[in-house]
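**Q** Quick check, what structure comes out for this input:
(one chain, ligands or ions: 3)
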Amino acid sequence: MSTMNLTLLTDFYELTMMQGYFKTQNTEKVVFDAFYRKNPCDGGYAIAAGLDQVIDYIKNLRFSKEDIAYLRSLNTFDEDFLNYLADFRFSGDIYAIPEGTVVFPREPLVKVVAPIMEAQLVETAILTIINHQSLIATKASRVVCAAKGDGIMEFGLRRAQGPDAGVYGARAAMIGGCIGTSNVLAGQLFDVPVKGTHAHSWIMSFPDEYTAFKTYANMYPDACCLLVDTYDTLKSGVPNAIRVFEEMRNAGIPLKNYGIRLDSGDLAYMSKQARKLLDAAGFDDAYISASSDLDEYLIESLKAQGCKITSWGVGTNMITSRDCPAFGGVYKLAAVEDKETGEFIPKIKLSENTEKITNPGNKTIYRIYSKTTGKIRADLICLADETFDESKDMIIFDPQETWKKTKVRANTYTLRELLVPVFKNGECVYDSPSVMKIRDYSKKELDTIWDETKRFANPQHVYVDLSDKLYKIKSDLLEKMSLEALEY
Ligand SMILES: Nc1ncnc2c1ncn2[C@@H]1O[C@H](COP(=O)(O)OP(=O)(O)OP(=O)(O)O)[C@@H](O)[C@H]1O
Ligand SMILES: O=P(O)(O)OC[C@H]1O[C@H](OP(=O)(O)OP(=O)(O)O)[C@H](O)[C@@H]1O
Ligand SMILES: O=C(O)c1cccnc1
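**A** Ligands and ions are numbered 1, 2, ... in the order given. Alright, predicted model coming up:
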């Protein structure tokens, strides 16, 4: 999948604009920011994901003969432009926040600095990749948080919106903290653990439940999870599972990683009753896992009900992010290079909705950590060439409610620049970590925000502030635009 040419994975208008830039000799270098505006599920954070697929996409960006022939057939593009496309290569710079990082609204997750034709073409693919994976990584992270240390298995492939969503969704779910996936192709592609139990069909294919369990246990004694709800969980499923476990114990087969899976009924009640039966038979180390339309809210609720489930299989609601199906990331022009001075001239997009007014300029982001707690104090969006001194006080203020100011005292904080170089002059300069490494990193990232930010209802929001300089540029531009509007 990684070498697939996705060059035509773009919206038609990117190509018509590209031809327009080509014809009008508009070759300016520009800055585009890909950012999102609202955390999924009204949460307090999101997890950035998808960068490795963006890198593959950019590396393989070239129009094949077939691509050019197809574009010619659309009767919209002239031969001179098609000739240009035949030699097209991405020659710009890309900066991005590493995958697995905790991120907040309005922060550029990806910044493209390139000639406008190139930067325009890549909009759609960057957004579709980052939007999808960041959404699923965020959803998975929420499910993982709800499970409070229990393992979450990703079971969603069959209910995902197609094969790509299943495969890259599984990748993102692993980044979000799942312990494994049932998706074998994802396992092969991303070197992540594949896991699973068995289906109701296995039980139904045998003359009786006991024989089905026994056959399965004989084949897989080291990973024996028996699905107990096909006929009657407490009267048949759990007693038959116990009978098989007893036979294994009596035969001297070591019982290590074994247990049952509940897939219907009142999961809290069933798990409590099943726990009692297993314990009474001396199988107190048998685990109880559950699946059945689970999500973060249900897992939280089941835990509050005192359920005895310690392992969770989550499919549909996580792989589709059912209650929040879109991440909403956008890609906005932020600056255009002045050819004479080589400086970037900030550009702004206005909106009636102040939250939708873009942040102008060639920017970067600094994360401000408290030295004592290691937690995030705030994020600061600033111009790319601004520098800050940790030995000086820092005044930060909310860009919307500017009277809300905080002084971060000298030597009490550390700074980390979030955007890192990924492409320089068209060459990839970034080594993507393995998915399991990104997963470990993301787990540590979650320790940098307070539980108040992770809670599901009305979470505490982390401040994303603008530097003084950027704030001034933004307000001057807004002032200028409103004066110009008066002229009409
Ligand atoms: N204790 C509980 N508290 C809240 N929700 C629960 C609890 N136990 C189960 N649920 C949820 O209630 C829903 C039960 O759905 P439903 O009755 O349609 O199906 P089911 O019990 O899975 O049975 P079947 O698979 O036979 O249709 C599932 O989404 C399940 O996750
Ligand atoms: O409920 P989800 O979160 O989507 O988790 C995945 C579901 O997929 C399977 O059911 P399915 O009915 O497809 O197959 P089965 O016959 O094996 O139960 C499994 O038993 C879970 O219930
Ligand atoms: O292995 C499992 O138990 C499994 C896999 C996919 C979907 N539901 C369950």
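**Q** For the rest of this, base every contact and every neighbour count on C-alpha atoms.
**A** Fine.
**Q** I'd assumed Asn183 was in contact with Phe155.
**A** Yes. Using CA atoms under 8 Å, Phe155 is in contact with Asn183, at 7.3 Å.
**Q** Now do the strands in the stretch 201-350 of the chain.
**A** Taking DSSP state E, counting those that start in this stretch, the strands of the stretch 201-350 of the chain run over residues 224-227, 258-262, 287-290, 311-314, 330-337, 344-346.
**Q** what's the answer for the stretch 1-150 of the chain, then?
**A** 29-35, 46-47, 93-96, 102-103, 110-115.
**Q** distance between the first one and the chain's centre?
**A** Yep, that's strand 29-35 we're talking about. Distance of strand 29-35 from the chain centroid (CA atoms, centre = their mean, to the nearest Å) equals 20 Å.
**Q** Check stretch 166-179 too.
**A** Centroid separation for stretch 166-179 versus its chain: 8 Å, with CA atoms, centre = their mean.
**Q** Tell me the residues of the chain that contact ligand 2?
**A** Proximity of the chain to ligand 2 (CA under 6 Å from any ligand atom) is limited to residues 155-156, 199-201, 263, 291-294, 314-317.
**Q** Whichever of those end up buried, select them in ChimeraX.
**A** Here is the ChimeraX command that selects the buried residues among the residues of the chain next to ligand 2 (16 or more other CA atoms under 10 Å):
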select :155,156,263,291,292,294,314,315,316,317
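**Q** same for ligand 3: which of the residues of the chain next to ligand 2 are within range?
**A** Among the residues of the chain next to ligand 2, the ones lying near ligand 3 by CA under 6 Å from any ligand atom are Phe155.
**Q** any chance of the residues of the chain next to ligand 2 in a markdown table, with pLDDT and distance to Arg243 too?
**A** A markdown table is the format used below for those (pLDDT from 0 to 100; distance: CA to CA, whole Å):
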| residue | pLDDT | distance to Arg243 |
| --- | --- | --- |
| Phe155 | 98 | 28 |
| Gly156 | 98 | 31 |
| Ala199 | 98 | 20 |
| His200 | 98 | 19 |
| Ser201 | 98 | 21 |
| Asp263 | 98 | 20 |
| Ser291 | 98 | 23 |
| Ser292 | 97 | 25 |
| Asp293 | 98 | 29 |
| Leu294 | 98 | 29 |
| Val314 | 98 | 28 |
| Gly315 | 98 | 30 |
| Thr316 | 98 | 33 |
| Asn317 | 98 | 34 |
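**Q** From the residues of the chain next to ligand 2, which land in helices?
**A** Members of those lying in helices (criterion: DSSP state H): His200, Ser201, Thr316, Asn317.
**Q** Closest to Lys347 out of those residues?
**A** Of all those, Asn317 has the smallest distance to Lys347: 39.2 Å, by CA to CA.
**Q** residues contacting the closest residue to the closest one other than its chain neighbours?
**A** Closest residue to Asn317 apart from its sequence neighbours, by CA to CA, 6 or more residues apart in numbering: Asp295 at 5.8 Å. Contacts for Asp295 (CA atoms under 8 Å, 6 or more residues apart in numbering) come out as Val143, Val314, Asn317, Met318.
**Q** wait, which of those residues is closest to ligand 2?
**A** The nearest member of the contacts of Asp295 to ligand 2, counting by CA to the nearest ligand atom, is Val314 at 4.1 Å.
**Q** Can you pull the residues of the chain lying near ligand 3?
**A** With CA under 6 Å from any ligand atom as the criterion, the chain comes near ligand 3 at residues Phe155, Ser182, Gly196, Thr197, His198.
**Q** Select from those residues the one having the most neighbours.
**A** If you count neighbours using other CA atoms under 10 Å, the busiest of those is Phe155, which has 25 neighbours.
**Q** Just name whatever secondary elements the host helix or strand of Leu380 is in contact with.
**A** Applying DSSP states H and E as the criterion places Leu380 in strand 376-383. On a contact count with 3 or more CA pairs under 8 Å, 6 or more residues apart in numbering; DSSP states H and E, strand 376-383 meets strand 363-370, strand 464-466, helix 468-487.
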